[in-house]
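**Student:** Below: sequence and its predicted model.
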Amino acid sequence: MTKAADIELAAVSKVYGTATAVHAISLKIPAGTYCCLLGPSGCGKTSTLRMVAGHESVSSGDVVFGSANVTDLPPAKRGTAMMFQSYALFPHLDLVDNVAFSLKMKGVDKETRRAQALEMLKLMHLEPYASRRPAQLSGGQQQRVALARALITKPEALLLDEPLSALDPFLKIRMRAELKKLQTSLGITFVHVTHSQEEAMALADLIVVMNEGRIEQADTPRTVFERPATAFVARFMGDHNVLSGRIVERTADGLFIEVVGGGRFFALGTAPVEDESADIAIRTDHVRIGAMPADGLGFDGIVSNVEYLGAKVKLTVTTAFTDEFTAVLSDAAFFASPVRVGEGVTLSWDQPDSIVLGRIVK
Ligand SMILES: Nc1ncnc2c1ncn2[C@@H]1O[C@H](COP(=O)(O)OP(=O)(O)OP(=O)(O)O)[C@@H](O)[C@H]1O
């Protein structure tokens, strides 16, 4: 493989007719990074990936690889390869010819391209199936053919659009591990579009959370999990309760908000002085059941749902200011004093577990 290059997006926008799908996003993906573009349907992930690939024109802004501005270069001249969701394999060609296809287009002679295709098939553990057609393979094997076909051009970056979505849950997890291993061994940049938080957490060095055509946060999985930047990220990642309220007091290390329906809560962090309200996040797995602590970080509510998840138990609690406050308890903690739907509980947490969230300026 050739060496990887940094990928940089500088104020890149995509406008379709009158609708803006991507709003002037800026992002740097360091060479050799496994980057996941993560967000709900329609947030602009695929448009962004296609602009990096050159399959979609950029409405404004620049796409830069290393020191080269590639904004107006066609896909084949960018040093990237794309792997599509549907794999887009040719049904009438055997695996060797599928994998060798782009070399054929480049005019590489038959013997050389067959030898290189066989080499790629070997890397993907598909050599025994070289003369089969795609329909004679399992979903996981087809995915590896698509990978081999993308990698044969020796790209600096591989762009993957929902590469695991066609696989069953078991295979998805296995292929996920294979993708990560492959990226590590090749040392090239992978940019992978997904709407699965779990997939992004498992794979990425850099998670880029997108919402309505904007980047809400670009950071390591651990930072996105522990320090979500905005209410959207906290809700989308699903590991935090988000409460919004009026700022009633500011202290040296945090602030108090008052939530509609009652409840005064402290969170660590700051909000701009001009803000009258703030969003705060509380880790679902750091919430306890028990008596109210002296610092008052907690509330009384009624259990509205209990989900047994094996090693964990997820409780949903309703109170005056929210219908859906979540506490994720270890099975041991839950079964030490189990509660049922309809019972009253006191939930509490420690000061470091509630943080002030930022807001995106639109
Ligand atoms: N060719 C197009 N013409 C007009 N609008 C488009 C086109 N492609 C995408 N869009 C719109 O742009 C927005 C972003 O689409 P995009 O496919 O980038 O989102 P996405 O996050 O990848 O979604 P999904 O996960 O559903 O694929 C959507 O509102 C979509 O309807």
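**Tutor:** Alright, I've got the coordinates. Numbering: from 1, shown residues only.
**Student:** give me the beta-bridge partners of Leu9?
**Tutor:** For Leu9, the residues forming beta bridges with it (DSSP bridges) are Leu27, Val63.
**Student:** roughly how far apart are Val15 and the ligand?
**Tutor:** In this structure, Val15 and the ligand are 9 Å apart, going by CB to the nearest ligand atom, to the nearest Å. For every residue, glycine as well, the C-beta is placed using N, CA and C.
**Student:** for Lys106, same thing?
**Tutor:** Relative to the ligand, Lys106 is positioned 28 Å away (CB to the nearest ligand atom).
**Student:** Could you pull out the buried residues of stretch 41-57?
**Tutor:** Counting neighbours by 16 or more other CB atoms under 10 Å, one finds that the buried residues in stretch 41-57 are 43-56.
**Student:** check those against the ligand, which are close?
**Tutor:** Residues of those in contact with the ligand (CB under 6 Å from any ligand atom): 43-47.
**Student:** will you turn those into CSV that also has secondary structure?
**Tutor:** Listed next are these as CSV, based on DSSP: H, G, I helix; E, B strand; the rest coil:
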residue, secondary structure
Cys43, coil
Gly44, coil
Lys45, helix
Thr46, helix
Ser47, helix
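**Student:** Summarise which helices and strands the longest helix seen in the chain is packed against.
**Tutor:** Residue-count comparison of every helix in the chain, with assignments taken from DSSP state H, identifies helix 169-186 as the longest. In this structure, helix 169-186 packs against helix 139-151, strand 189-194, helix 197-203, with contacts taken as 3 or more CB pairs under 8 Å, 6 or more residues apart in numbering; DSSP states H and E.
**Student:** so which of the ones you listed is the most packed in?
**Tutor:** When neighbours are counted by mean count of other CB atoms under 10 Å, the highest per-stretch mean among the helices and strands packed on helix 169-186 falls to strand 189-194, a mean of 26.
**Student:** Strand partners (parallel or antiparallel) of that strand?
**Tutor:** strand 34-38 (parallel), strand 157-161 (parallel).
**Student:** Can you tell me which of those is most buried?
**Tutor:** Between those, strand 34-38 has the highest mean count of neighbours, a mean of 27, where neighbours are mean count of other CB under 10 Å.
**Student:** now the angle from that one to helix 169-186?
**Tutor:** When axes from the mean of the first three to the mean of the last three CA atoms, to 10 degrees is applied, the directions of strand 34-38 and helix 169-186 differ by 140 degrees.
**Student:** How far off centre is strand 34-38?
**Tutor:** 5 Å (CA atoms, centre = their mean, to the nearest Å).
**Student:** what does it rub up against?
**Tutor:** Residues from elsewhere that reach strand 34-38 (CB atoms under 8 Å, 6 or more residues apart in numbering): 29, 45, 48-49, 180, 183, 189-197, 199-200, 203-210, 236.
**Student:** Go again with 7 Å.
**Tutor:** Residues lying outside strand 34-38 but in contact with it, judged by CB atoms under 7 Å, 6 or more residues apart in numbering, are 29, 45, 48-49, 180, 183, 190-195, 197, 200, 203-210.
**Student:** and Leu93, how many neighbours?
**Tutor:** The burial count assigned to Leu93 is 14, neighbours taken as other CB atoms under 10 Å.
**Student:** Distance of it relative to Lys154?
**Tutor:** When distances are taken as CB to CB, to the nearest Å, Leu93 and Lys154 turn out to be 21 Å apart.
**Student:** same thing with Ser277?
**Tutor:** In this structure, Ser277 lies at 52 Å from Lys154, with CB to CB as the measure.
**Student:** Just the mean pLDDT for stretch 304-315, thanks.
**Tutor:** Average pLDDT, stretch 304-315: 96.
**Student:** show me where pLDDT drops low in the stretch 101-250 of the chain?
**Tutor:** Counting by pLDDT under 70, the stretch 101-250 of the chain contains no low-confidence segment.
**Student:** thinking again about what came up before, can you lay out the ones next to the ligand among the buried residues of stretch 41-57 as JSON lines showing pLDDT and distance to Ser67?
**Tutor:** Compiled in JSON lines, these are given as follows (pLDDT from 0 to 100; distance: CB to CB, whole Å):
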{"residue": "Cys43", "pLDDT": "96", "distance to Ser67": "30"}
{"residue": "Gly44", "pLDDT": "97", "distance to Ser67": "26"}
{"residue": "Lys45", "pLDDT": "97", "distance to Ser67": "26"}
{"residue": "Thr46", "pLDDT": "95", "distance to Ser67": "27"}
{"residue": "Ser47", "pLDDT": "97", "distance to Ser67": "25"}
